[in-house]
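# How does the following fold in three dimensions:
(2 chains)
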Amino acid sequence: MNKTPDYDGPILEIDKLSISFFTRLREIPAVMDFSVNVAPGEAVGLVGESGCGKSTVALGVMQDLGKNGAVVGGTIKFKGRDLSQMSQEELRDIRGNEIAMIYQEPMASLNPAMKIGRQLMEVPMLHDDASEKDAYDMALQVVTDVKLPDPARILDSYPHQLSGGQQQRIVIAMALMSKPALLILDEPTTALDVTVEAGIVNLVKDLGKKYGTSMLFISHNLGLVLETCDRICVMYSGEAVERGSISDVFDKMRHPYTQALFRSIPLPGADKNSRPLVAIPGNFPLPHERPPGCNFGPRCDYFEAGRCDQGHIFMRDVDGAGTHESRCLRFEEIDWNAPLAAVIEQGSREIGAPVLKVENLKKYYEVAANALFGGGGNKVVKANETLSFEARESETLAIVGESGCGKSTLAKVLMGLETATDGTITMDNQEIQGTPIEGRSTKQVADIQMVFQNPFDTLNPSMTVGRQIVRALEIFDYGDSDKDRWERMLHLLDLVKLPRAFADRMPRQLSGGQKQRVGIARAFAGDARIVVADEPVSALDVSVQAAVTDLLMEIQREQKTTLLFISHDLSIVRYLSDRVMVMYLGHVVELGTTDQVFAPPYHPYTEALLSAVPIADTKVTKKHIVLEGDIPSAMNPPPGCPFQTRCRWKDKVPGNLCEQEVPPMRSLAGGHQVKCHLSDADLSAMEPVIEVTAAE
Amino acid sequence: MEPLTWTGTMGNTLDPILGIAATALIVTSILAIVVSFFTTSERVVVNADGTIAAQPGLGGLLTKAQTYALWAVLATIVAYIVTGIVVGWQGGGIIGGMVRAFTPVWISLVVLFVVSFAFKRKLGLYGKLFDSTIGMIGFGLVMFWVFTAIWSGVFDLISTHDPLSQVSGMKNKVPGTPYTGDEGEYPFYLLGGDNLARDVFSRMVLGSTIVMQIAPLATVFAFMVGITLGLPAGYYGGRLDTILSFLANLILAFPVILLFYLLVTPEIVATGLPNYMALALFMFPLVFAGVLINSRYRTQPPTRNLYLGIAMAIGGLLYMSLIMDQSSQIAFFRLWPGFLDLFDIPGQVLIVFVSVVFVNSPTVYRIVRGLTLDIKTRDYVAAGQTRGETPWYIMLWEILPNARGPLIVDFCLRIGYTTILLGTLGFFGLGLPPESPDWGSTINEGRKLLSVYPHPAIAPALALLSLVLGLNLLADGLREESLRD
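Here you go, the predicted structure:
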């Protein structure tokens, strides 16, 4: 099939697009009055929280809205042709050929029963009638382009044999096979680790330049959009609220929602004192319960009754040049440079005595080579290797690392779901490393509780919210009667700032942030003294993240809780933690106060991690360090230093020391500990990764 | 008296209408399929007011015609029923007579549907069922037989004659034959007489009672056994899982019919094997209830003891009454004092029950085990573990309620299988007593003269078919609706 002849207008013109879904109860407008243009070779970012309609726009472009979705107004033109006028055959030619789409979950986009090579070759064979030989050559070329090692072997493997990052590279390669004019990326890196994400983002940027592909980049992460896109369109509740170039929107925002969004994300360039987080009040409106007038009105600081809630509000030009538009009636009147309202000083926390002490903790799993008879050589997975740290009262200790670094295993051992292989865990002078949860006293169980990552999984979907908290109270032996416990449960709901009426709701009636609050209330039911929070906010929208983070810190202040905050998001770690522990492949590679860890000297891994975090601030410049390869398997860890396979400082160490010996934990100034062979001179020669240019 | 015709005088007008409507439906359906090969699927066009525009072209026209034809067929059927209720056999022939005999069932069905429709938004999954045509048809068919079972079994309102009485001159008579027995009885054998001169219609109606008693109850027991074993197998995994799964596979691999033959062989019955199996299988619901209550209230011993005591007393009494039999030949089963033995299950019913539970529970076990394997990885299960819940609490209160969707669907399907299984058992002359009016036995009876007098076998066969079809449609509807929204 031939492509549409050359066309020099915008690749994609979306004009006043409205998309609705029809359920048996009502019409649900998902996108309203949405316009955006994508010029050839340009990358446009589409940013917004979940449910704002950004993925619906992408599906609308693909004309794949399913049975109950339909375009109810406006046009989508691709290279000047209206997509809604095309027949199914014409659309089939365009999809995957001229418009390619990359989805969030790479494994779901690949056919697990087909070799990678076959799947890639299918694209030119279907769309261009290429011969098998040509198709194979093309596939080989594209796989080389996406920087995968040993392309021939990759082509001959099945999707499950590749890591998540490699799979996503294959999905990108597949999208590029047909040299599309437009590439739609729907949260392409959300399911990946930060260092892998950094690699993919670099790749996408380079390929965009090389192939001259236009891109529509959908993301909730402002930092990523800053790094990849030329222009940005901010969406809120089905509408575009602000549109303009990256520098216009990031530095001269003219819509209150954009401003609120920026204020609610933590930046690694600043900490909580110089730049506190401001959560957006209220909740995202449901599509069928949108307020009249401005959708953002009820949550807006600049809301003016009688004006902002009257009639439809149109996009208006901000600077007269037609490149920056905002959907706000009052943007001329608002003082955009006004400093944030003074923060109420919360009174700093007294950090108390150590409550939890972990020494030389080891957790090994034995994996039998032959599951049925148990014979053959057993393999040992070293999930945790000699961990030592202590956590004090009212302290937040952040545990940072990517998937597979052993942080979840550490949580399991602390909770008593697994017992330690070696070493000690001391809580209140009692050693608990060998006591499984059934053997622990009610007090011990209640003292150490957990907040889980996935808000949609953390509550039992078939039990009311109140009942789930009351059950925790029953287990922790609280109160004498059902009435006592019910009262206490209502207090807990107050504590996490949820209305008491929620006690009778089912979890599905709650939003993600509200569920997470219930999860927090449940963890604090027995007055927990140590709370392990396993990425408690990473699955939430940014505006909700700030609120939940603040809530956790507030409860901590009141209850003097020790918080073990597991996260891969260094921005949020910097914002809320007192000390940071960086883990890699079961080892603690760096441990120190937040300031020590975020300033040089770094452990090489910390350095790479810091550079990988996308930062939504145009004033920040950072070094780009992209780690090569994937995290080694814990089944088969590299000899010597766990990080030596990806370390860029390795050649500074004389001899083959890194490959032969696990480096000792070294103490630097002020209790800062680093597990590295680098000499003091090399360490002190490190430059900061993140630098904030002086304010203009 | 004259023999009845099928539709009587009401057929003079309604029969041609039904014929035309049905032909139209068949023709349009075939045409629609043929046309779909040659035309491309049109895109759905949405009007400005949010409605979806009619499909243009030949395809759209055919779809429309098909819908109208379907409505015409349905309307004619409703007309048959309404006229039948009004005129009875006098004007409506055999169909009219039967329709009128079923009057209590029609009233119950109308009431049920009207009430359910009015409150469907408040009724959860059950209410959603009324959004799916397939589901409604299935539910209607199932409830038809449920109501028939209730009205005929409990109140004896539907059957026209005694199902066991034999009347001379009625042997193998065709449907609509005038009754030759006493005056004052219903004047016709609506669906004819069987080879023992019994009324086929009444036997079919009363057969539904037996089917409705055994099939759902046996399925419930099979689920209890499957759940009680499947949950720990999936939750703990390891060796327990290996052993239980192996046993389940063993039972599944064994030919079912052979198993039944073995169970009903007099020598084996004499050893008391079915009774011992009942002893084991009926224990599971008791264990299930006990564990359920204990895990829930374990932190409040007084409440726990109260509830557990009540449940165990009632359950225990029922259990002992069920398995103990004062007239048993085995001394062990006479141990229980007679005044506490509330009821006895006829030996053959017990055997049917045991064998149905025995062959169904391994499949349920596999389903529950699979669901448990999936659900145990959820965070709320981990949350339960980290606050020190007992494994049984997690299995029964955290995992099981969230596995209910697929289990409900499977429950509907399994009642259908069980019904067929009962039919199969009856067909082989196993299980229920020979004169029992249940559908399987009746089909078996009628089989002998099938080529000469097919009607005694066809009536129960159609009844069985419609019930199982209804259950399958109901399961489909439930599955479809539970996946939506």
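
# so A:Pro29 sits in a helix?
No: counting by DSSP: H, G, I helix; E, B strand; the rest coil, A:Pro29 falls outside a helix, being strand.

# Please state the backbone phi and psi of the residue nearest to it when sequence neighbours are not counted?
In space, and not counting its chain neighbours, A:Pro29 is closest to A:Ser20: 4.9 Å by C-beta to C-beta, 6 or more residues apart in numbering or on different chains. Yep, even glycine has a C-beta here, placed from its N, CA and C like the rest. Listed backbone geometry of A:Ser20 is phi -130, psi 150, with angles given as degrees, to the nearest 10.

# Which strand residues bridge A:Ser20?
In this entry, A:Ser20 is beta-bridged to A:Pro29, A:Ala70, by DSSP bridges.

# how many neighbours does it have?
Number of residues near A:Ser20 (other C-beta atoms under 10 Å in any protein chain shown) recorded here: 24.

# where exactly do the strands run in the stretch 151-300 of chain B?
B:177-178, B:188-189 (DSSP state E, counting those that start in this stretch).

# May I see those arranged in TSV, with mean neighbour count and mean pLDDT as well?
Below are these laid out as TSV (neighbours: other C-beta atoms under 10 Å in any protein chain shown; pLDDT from 0 to 100):
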stretch	mean neighbour count	mean pLDDT
strand B:177-178	16	86
strand B:188-189	28	86
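
# Identify whichever of these lies nearest to chain A.
strand B:188-189 (46.6 Å; C-beta to the nearest C-beta).

# Which strands border that closest one, and is each parallel or antiparallel?
strand B:177-178 (antiparallel).

# Just send the strands of the stretch 151-300 of chain B back as a markdown table, with distance to B:Leu70 too.
Shown next, in a markdown table, are the strands of the stretch 151-300 of chain B (distance: least, C-beta to C-beta, whole Å):
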| stretch | distance to B:Leu70 |
| --- | --- |
| strand B:177-178 | 35 |
| strand B:188-189 | 33 |
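
# Which one, of those, ends up nearest to A:Gly466?
strand B:188-189 (61.8 Å; C-beta to C-beta).

# Need the contact partners of that closest one.
Outside of strand B:188-189, the residues within contact range by C-beta atoms under 8 Å, 6 or more residues apart in numbering or on different chains are B:4, B:89, B:94, B:97, B:160-161, B:170, B:173, B:175-179, B:199-201.

# Check whether A:Ser157 really touches A:Lys115, as I assumed.
Yes: look at A:Ser157 against A:Lys115 with C-beta atoms under 8 Å: they come within range, at 6.7 Å.

# how much space between the residue nearest to A:Pro29 and A:Val36?
19 Å (C-beta to C-beta, to the nearest Å).

# A:Thr386 - that's part of a strand, no?
Yes: A:Thr386: assigned to a strand according to three-state DSSP.

# Could you pick out the residues of the stretch 401-550 of chain A near chain B for me?
Residues of the stretch 401-550 of chain A lying close to chain B (C-beta under 8 Å from any C-beta of the partner chain) are A:415-417, A:437-438, A:440, A:442, A:445-446, A:449-450, A:452-454, A:457-463, A:472, A:474-477, A:519, A:522, A:526.

# Now a PyMOL select for only the buried ones of those.
Applying 16 or more other C-beta atoms under 10 Å in any protein chain shown to these, the buried members can be selected in PyMOL as follows:
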select buried, chain A and resi 415+416+437+440+445+446+449+450+452+453+454+457+458+459+460+462+463+472+474+475+476+519+522+526
